[in-house]
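Visitor: What shape does this take:
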Amino acid sequence: MEPQRILMLTHSVYARDIRVRRYAEYLIQDGYLVDIICLASEDETSQSKDHRISVYPLPMTRRRREKLGHLVDWGMSFFFMFWIVNKLSFKHRYDLIHVHNMPDVLVFCAFFQRLRGVPVILNIHDAMPELTQSKLGIGPDHLIVKVQRALEKLSVRFSNHVVTATETFKNNLLKRGIPGNKITVITNFPDERLFNSRKALRTRNDKDGQFILLYVGTVAFRYGLQIAVSALPTLREKIPGIKLQVFTKIRGEGKAFTDCIQLSINLGVQDIFEVNDPVPLEKMPFIMANADIGIYPALKDCHMDNALSLKIPEMVNMELPIVASRLAVLEHLYGNDSIAFAESGNVDEFSMKIIELYEDPAKRLLYAANAVTKGSKMLWRDQYPIYRKLVEQLVST
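Guide: Modelled structure (predicted):
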């Protein structure tokens, strides 16, 4: 009997998107075959080494574009994905199609397959109406947000089931009229196969004269990297060997990133602001293990207050002490004894928290240990069975 086959769509580079990869890699261990339609990697290398996962990259890669350019980018992705979905469907009979947002409307790439009875999952990693407010700095009654809510509603109605990342995201969907039995929460917890051992991977000598702050991921204004750069002059005075090490999610992160580079030049701290291109996912645990403090200076708003960045639980798993903005989602999951919180947007308080942890190594260890204790109950191995059960239910109907 031929194994069941699942098709996934994502507007990301599959090889670097652990959210999508862990779904696929766990599914093949359960006997499924998985096809992935995604963006091409910048160096055009193969994105899967396992014959049970077939990757079909679009003739375009990830770019940080603004406003109309962003819509054009999504439109091109939709066109290519729609074409490839239907081309592959002549070759394979898919038992389920799993679409990862953003944007939500990618589910309509599976229009004809849905008509033929193939179940479709929409995975809302980020709620588009709230994210749009956060990105554009607009209110909930703005026309653009209303359009996003309408598109979300249509996309959810088209799908058989919705997976989302937090209880808050689910509650927002419920308030917008989505029935609760159509929503499953699968939280953004780390894959412990990769993120599991700081001691084994740490190669730096703690007395090597460096003190590394680590920022990983998207660089956009709402993520607050500019707060960390603004803190560097004060930190340099108090912490010998300080360095802010940044590993971006994509090459060419856009205006917010170039603004941070210019800010570092204006403040005279460009020599301690280290910028790195994206790295293979497998290298990230090593990078985290060799930093001293992980930072997440996100700016609090209707989206960022409730969106769990996967980098936080990954850094927790790597026993890396964290200084982060005081966000509701982090307070709920970890509390004041596990993360050193600073008020969102407050450069002075952010600096103070880092200096405090630098001066008290025992406190750094305590924060990290407390976070690990809580994080031991927040692992992907405990979330995957929820997804597997959902897949089994949908493919059997």
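Visitor: For E349, which non-adjacent residue is spatially closest?
Guide: Once its chain neighbours are removed from consideration, E349 has its nearest residue in A342; the separation is 4.3 Å (CB to CB, 6 or more residues apart in numbering). In short, each C-beta sits where N, CA and C put it, glycine included.
Visitor: According to the record, where do the domains of this structure fall?
Guide: Using automatic domain parsing, the domain ranges for the chain come out as 5-189+380-396, 198-375.
Visitor: Please dump those domains into JSON lines; it should also carry mean neighbour count and mean pLDDT for every row.
Guide: Below are the domains of the chain laid out as JSON lines (neighbours: other CB atoms under 10 Å; pLDDT from 0 to 100):
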{"stretch": "domain 5-189+380-396", "mean neighbour count": "18", "mean pLDDT": "91"}
{"stretch": "domain 198-375", "mean neighbour count": "19", "mean pLDDT": "94"}
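Visitor: before we move on, the earlier item: am I right that the residue nearest to E349 is in contact with K353?
Guide: Yes: with the criterion set as CB atoms under 8 Å, A342 and K353 qualify as a contacting pair; they are 4.9 Å apart.
Visitor: got any residues that touch both of those two?
Guide: Overlap between the neighbourhoods of A342 and K353 consists of V323, taking contacts as CB atoms under 8 Å, 6 or more residues apart in numbering.
Visitor: What helix or strand is N123 located in?
Guide: Assigned by DSSP states H and E, N123 belongs to strand 120-124.
Visitor: Using PDB, write down the CA coordinates of that strand.
Guide: In PDB, the C-alpha atoms belonging to strand 120-124 read as follows (Å, rounded to 0.1, in the frame of the first residue of the first chain):
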ATOM      1  CA  VAL A 120      -7.000  21.600   3.700                       C
ATOM      2  CA  ILE A 121      -5.400  22.900   6.900                       C
ATOM      3  CA  LEU A 122      -4.700  26.600   7.300                       C
ATOM      4  CA  ASN A 123      -1.800  27.200   9.800                       C
ATOM      5  CA  ILE A 124      -2.100  30.700  11.200                       C
END
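Visitor: which strands and helices sit next to that strand?
Guide: If contacts are counted by 3 or more CB pairs under 8 Å, 6 or more residues apart in numbering; DSSP states H and E, strand 120-124 sits against strand 96-100, helix 143-158, strand 161-164.
Visitor: Which parts of this protein are strands?
Guide: Assigned strands in the chain, in chain order: 5-13, 33-40, 53-61, 96-100, 120-124, 161-164, 183-185, 211-217, 242-248, 273-276, 293-296, 322-325, 340-342 (criterion: DSSP state E).
Visitor: Reformat those as TSV; add distance to V145.
Guide: Rendered in TSV, the data for these read as follows (distance: least, CB to CB, whole Å):
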stretch	distance to V145
strand 5-13	20
strand 33-40	26
strand 53-61	27
strand 96-100	22
strand 120-124	16
strand 161-164	18
strand 183-185	21
strand 211-217	24
strand 242-248	28
strand 273-276	33
strand 293-296	25
strand 322-325	23
strand 340-342	29
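Visitor: L310 is nearest to which of those?
Guide: When these are compared by CB to CB, strand 211-217 sits nearest L310, at 8.3 Å.
Visitor: Give me the angle between that closest one and strand 242-248.
Guide: Inter-element angle recorded for strand 211-217 and strand 242-248: 20 degrees (by axes from the mean of the first three to the mean of the last three CA atoms, to 10 degrees).
Visitor: which residues touch V372?
Guide: Contact analysis of V372 by CB under 8 Å, 6+ apart lists 316-317, 319.
Visitor: do L213 as well
Guide: For L213, the contact set (CB under 8 Å, 6+ apart) comprises 228, 235, 242-245, 291-295, 354.
Visitor: likewise V395?
Guide: Contact criterion CB under 8 Å, 6+ apart gives 4, 95-96, 119 as the residues in contact with V395.
Visitor: quick check, nearest of those to P129?
Guide: Sorting those by distance to P129 puts P119 at the head of the list, at 25.1 Å, by CB to CB.
Visitor: from what I can see that closest one touches V99, true?
Guide: No: using CB under 8 Å, P119 makes no contact with V99, being 11.4 Å away.
Visitor: could you dump stretch 191-206 to PDB, C-alpha only?
Guide: What follows is stretch 191-206, C-alpha atoms only, in PDB (Å, rounded to 0.1, in the frame of the first residue of the first chain):
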ATOM      1  CA  ASP A 191      12.500  21.100  18.500                       C
ATOM      2  CA  GLU A 192      14.600  19.400  21.200                       C
ATOM      3  CA  ARG A 193      16.400  17.300  18.600                       C
ATOM      4  CA  LEU A 194      18.400  20.500  17.700                       C
ATOM      5  CA  PHE A 195      18.200  22.800  20.700                       C
ATOM      6  CA  ASN A 196      19.200  20.700  23.800                       C
ATOM      7  CA  SER A 197      22.800  21.100  25.000                       C
ATOM      8  CA  ARG A 198      24.600  24.400  25.800                       C
ATOM      9  CA  LYS A 199      27.400  22.600  27.600                       C
ATOM     10  CA  ALA A 200      28.200  20.300  24.800                       C
ATOM     11  CA  LEU A 201      28.300  23.100  22.200                       C
ATOM     12  CA  ARG A 202      30.000  25.900  24.100                       C
ATOM     13  CA  THR A 203      33.500  26.300  22.900                       C
ATOM     14  CA  ARG A 204      34.300  29.800  24.200                       C
ATOM     15  CA  ASN A 205      36.200  30.400  27.400                       C
ATOM     16  CA  ASP A 206      34.100  32.500  29.700                       C
END
